[in-house]
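Trainee: this one's sequence-less:
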């Protein structure tokens, strides 16, 4: 079937989802131990969106991400040790320890930055898409953003201009039901945000965001469309933010019943159930064990890595030492 991933692709997506889950759990523990700076925005339960949406992209396709972007980083092929090192502020990280966990970037992977500003990744991707069109390239740009970002003015402006100019950009709306602590029902008059696509003049589709195959196939169709020069698409991937807004979130606004319901829809569990029909269970266990060990080794290595060094450059600062 066109735009369906091969078995090897499916196993690789499964491996990456396990990597992300282990990374999030490890970061949670590191935060409790005081080994991270500032809050961490975890994406437990949302792994299928970031991994499934980026799996068919090439390294020179662009992706912009959000403050909750670890699955997007891993999905785009970034090295797990360098991700952890960056989050822990080490010199060996992708941005030499200066970016923290929200704005990791790697030009060689086409990841031109996560973004801590709600909605700001959307116009950035549109600008990248415009540059690709001017270059007459068949490359594409993708932005993954949340339902909170979907309510911003810059989102509407970006989608309007992308459709008007038929830009090669794919809008992947990771609908996890919360913008900070506010439920999406309090932010939008409609539940299904993909319906807005029609008003902009682009295709829109809703998919199960916890099913990596559903995400992959829908996004792959949109990627092919963009490569053919037919313009943007909007994919709304329905998922749920099982963790709080960040590790500093006190909680209390999400019902235990709702969290339990979504735990039964765990994307990794769904992937395992489908893959067991194609491979031996031992194959999946081996992938899981190796991925878990990979993250453990990456964390151990990053903790032992050096911090950045900062040397003053007096000659370049004419005001150094001047008392005002």
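Mentor: Nice, thanks for sending it over. This one's a predicted model, so the numbers in the text were calculated from it and none came from an experiment.
Trainee: number of nearby residues for residue 61?
Mentor: Counted by other CB atoms under 10 Å, the residues lying close to residue 61 total 25. Using the backbone N, CA and C atoms, a C-beta is placed for each residue, glycine as well.
Trainee: same check on the one 4 residues further on?
Mentor: By the measure other CB under 10 Å, the count of residues near residue 65 is 31.
Trainee: quick check: phi and psi on it?
Mentor: Main-chain torsions, residue 65, degrees, to the nearest 10: phi -130, psi -170.
Trainee: now residue 144. Nearest residue, chain neighbours left out?
Mentor: Nearest residue to residue 144 in three dimensions, chain neighbours excluded: residue 172, at 4.5 Å (CB to CB, 6 or more residues apart in numbering).
Trainee: and for residue 86?
Mentor: Using CB to CB, 6+ apart and skipping the chain neighbours, the partner closest in space to residue 86 is residue 93 (2.8 Å).
Trainee: look at that neighbour and give its secondary structure.
Mentor: coil (DSSP: H, G, I helix; E, B strand; the rest coil).
Trainee: now do the longest helix anywhere in the chain, average pLDDT.
Mentor: Secondary structure of the chain per DSSP state H: the longest helix is helix 7-32. Averaged across helix 7-32, pLDDT comes to 97.
Trainee: for it, the distance to its chain's centre please.
Mentor: Put simply, helix 7-32 sits 12 Å off its chain's centre (CA atoms, centre = their mean, to the nearest Å).
Trainee: what helices or strands is it leaning on?
Mentor: helix 47-54, helix 70-75, helix 80-87, helix 212-227, helix 267-275, helix 281-304 (3 or more CB pairs under 8 Å, 6 or more residues apart in numbering; DSSP states H and E).
Trainee: tell me the buried residues in that helix?
Mentor: For helix 7-32, the neighbour count (16 or more other CB atoms under 10 Å) marks 10-11, 13-24, 26-28, 30-31 as buried.
Trainee: and for stretch 98-115?
Mentor: Going by neighbour count (16+ other CB under 10 Å), the buried part of stretch 98-115 is 99-106, 109-115.
Trainee: which other residues reach that stretch?
Mentor: For stretch 98-115, contacts defined as CB atoms under 8 Å, 6 or more residues apart in numbering pick out 27, 36-38, 40-41, 57-67, 69-70, 72-73, 76-78, 82-83, 86-87, 89, 93-95, 116, 121, 124, 128, 308.
Trainee: narrow these to those that are buried.
Mentor: 27, 36, 40-41, 57, 61-67, 69-70, 72-73, 76-78, 82-83, 86-87, 89, 93-95, 116, 121, 124, 128.
Trainee: picking up where we left off before, contacts for the helix or strand hosting the residue nearest to residue 144 next, please.
Mentor: Assigned by DSSP states H and E, residue 172 belongs to strand 169-175. The contact list for strand 169-175, computed with CB under 8 Å, 6+ apart, reads 46, 49-50, 53, 66, 122, 125-126, 128-129, 140-147, 150, 159, 162, 184, 193-194, 209, 219, 222-223, 226, 232-239.
Trainee: please apply the same query to stretch 268-288.
Mentor: Residues outside stretch 268-288 that contact it (CB under 8 Å, 6+ apart) are 7, 10-11, 13-15, 17-18, 21, 47-48, 210-213.
Trainee: show me where the chain dips below the pLDDT cut-off.
Mentor: Along the chain, the model assigns pLDDT under 70 to residues 1-2, 312-324.
Trainee: next up, the contacts around the residue positioned nearest the centre of it.
Mentor: Nearest residue to the geometric centre of the chain (CA atoms, centre = their mean): residue 72, 2.9 Å. Taking CB under 8 Å, 6+ apart, we find residue 72 in contact with 50, 53-54, 63, 65-66, 111, 114, 144.
Trainee: ok, residue 254 next?
Mentor: 178, 244.
Trainee: can you give me every residue that contacts residue 263?
Mentor: Contacts of residue 263 by CB under 8 Å, 6+ apart are 45, 242.
Trainee: 7 Å instead, please
Mentor: Applying CB atoms under 7 Å, 6 or more residues apart in numbering to residue 263 gives the contacts residue 242.
Trainee: next: residue 193.
Mentor: Contact analysis of residue 193 by CB under 7 Å, 6+ apart lists 147, 150, 173, 175, 236.
Trainee: now the third one: how far from residue 144?
Mentor: Between residue 173 and residue 144 the computed distance is 8 Å (CB to CB, to the nearest Å).
Trainee: how about residue 297?
Mentor: In terms of CB to CB, residue 297 sits 27 Å off from residue 144.
Trainee: also residue 235?
Mentor: Per CB to CB, residue 235 is found 10 Å from residue 144.
Trainee: between those two, tell me which one has more neighbours.
Mentor: Counting neighbours by other CB under 10 Å for residue 235 and for residue 144 shows that residue 144 has the greater number, 30 against 27.
Trainee: how would you label that one: helix, strand or coil?
Mentor: Recorded secondary structure, residue 144: strand (three-state DSSP).
Trainee: for it, give me its contacts.
Mentor: Residues near residue 144 by CB under 7 Å, 6+ apart: 49-50, 53, 65-66, 72, 172, 174.
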